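Asks: From the sequence below, what's the structure:
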Amino acid sequence: MFLKRISLLRENIERFDQYPFNIPSITSLEHLDLTSDVTFLVGENGSGKSTLLEAVAEKCGFNLAGGSRNNTYDVHAVHSDLGEQIRLSWMPKITNGFFMRAESFYQFATHLDDLKADGARGAYDAYGGRSLHEQSHGESFLSLFLNRFNGRAIYLLDEPEAALSPQRQLTFLRILHDLTTNEGCQFIIATHSPILLGYPDALILNFDAGQIEEIKYEMTDHYQITRYFLENRERFLKDLLEE
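Replies: Okay, the predicted model is just below:
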């Protein structure tokens, strides 16, 4: 592990009634201690998990549209107000890593194509040797994980399951295991996937209770709702659709 703690510089914030500081999970934040090589951020949309992940990415110097410190391209004006008001505590400090956001991955793939068109040598070398646009959505995600990610780095992923089938989510779990065990990588992942959340010994932080709290896998809504649905599908759908 490299990143040990995320702290909110509360003394520097003038108002907590404006976005993003009015998000309950952010309003109540003082610091988060990261105790595992793999940390999952869970919660409903709007709960603040992606907002915090984006802030960490900005503090790391990663491109907020997706990429590393070396990917300098603009999709639109991307900036994190929260990123200016957090402190990251490292041991040791590292600069290698990547921020992947599913919603702007298409633009990142286009950025690589533009580099190639401009004559950049090896533009695709770290991504499987060919354009990510020439691969299916799921293939391009796995190509990124398999070829671009390597050791002594921190990887921030926002909903990586967006393009992955259940089978490929299992493949990603194996990649996650190999990268943390053999390469020394650290991951912070915002996700809705009950499959990914099942990764052993991960730290799961829940953003839904008005403050950020550690939660056990079996206590997450993702696990409980999925389990209940699979075990009681007909009753679940009857209650849902006949209300």
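Asks: Give the other helices and strands that the lengthiest helix in the chain contacts.
Replies: If you go by DSSP state H, the chain has its longest helix at helix 166-182. Counting contacts by 3 or more Cβ pairs under 8 Å, 6 or more residues apart in numbering; DSSP states H and E, helix 166-182 packs against helix 137-143, strand 186-190. C-beta here means a position set from N, CA and C on the backbone, and glycine is covered the same way.
Asks: Excluding chain neighbours, what is closest to residue 214?
Replies: Ranked by Cβ to Cβ, 6 or more residues apart in numbering and with sequence neighbours excluded, the top spatial neighbour of residue 214 is residue 205, at 6.1 Å.
Asks: Give the other helices and strands that the lowest-mean-pLDDT helix or strand in the chain contacts.
Replies: Least confident element among the helices and strands of the chain, by mean pLDDT, DSSP states H and E: helix 105-117 (a mean of 73). Counting contacts by 3+ Cβ pairs under 8 Å, 6+ apart, helix 105-117 packs against helix 137-143.
Asks: quick check: angle from the next helix or strand after the helix it packs on to strand 186-190?
Replies: Going down the chain from helix 137-143, the next helix or strand is strand 154-158, by DSSP states H and E. Put simply, strand 154-158 runs at 10 degrees to strand 186-190, going by axes from the mean of the first three to the mean of the last three Cα atoms, to 10 degrees.
Asks: so which of the helices and strands packed on helix 166-182 is the most packed in?
Replies: Compared across the helices and strands packed on helix 166-182, strand 186-190 shows the largest average neighbour count, a mean of 25 (mean count of other Cβ atoms under 10 Å).
Asks: Now tell me what touches the next helix or strand after that one from outside.
Replies: Using DSSP H and E, the next helix or strand after strand 186-190 towards the C-terminus is strand 203-206. With Cβ atoms under 8 Å, 6 or more residues apart in numbering as the test, strand 203-206 has contacts from 32, 34-36, 38-43, 49, 197, 212-217, 220.
Asks: ok, 10 Å please
Replies: Strand 203-206 has contacts (Cβ atoms under 10 Å, 6 or more residues apart in numbering) with 25, 32-43, 47, 49, 52, 188, 190-191, 197, 212-217, 219-223.
Asks: what's the answer for stretch 175-182, then?
Replies: 1, 36-38, 142, 145-146, 149-151, 153, 155, 157, 160, 185-187, 189, 196, 199-202.
Asks: Which among those count as buried?
Replies: 1, 36-38, 142, 145, 149, 153, 155, 157, 160, 185-187, 189, 196, 199, 202 (16 or more other Cβ atoms under 10 Å).
Asks: contacting residues for residue 48?
Replies: 20, 23-27, 29, 41, 55, 82, 190, 207-208, 212.
Asks: Out of those residues, which end up buried?
Replies: Neighbour-count burial (16+ other Cβ under 10 Å) is assigned, among those, to 20, 23, 25-27, 29, 41, 55, 82, 190, 207-208, 212.
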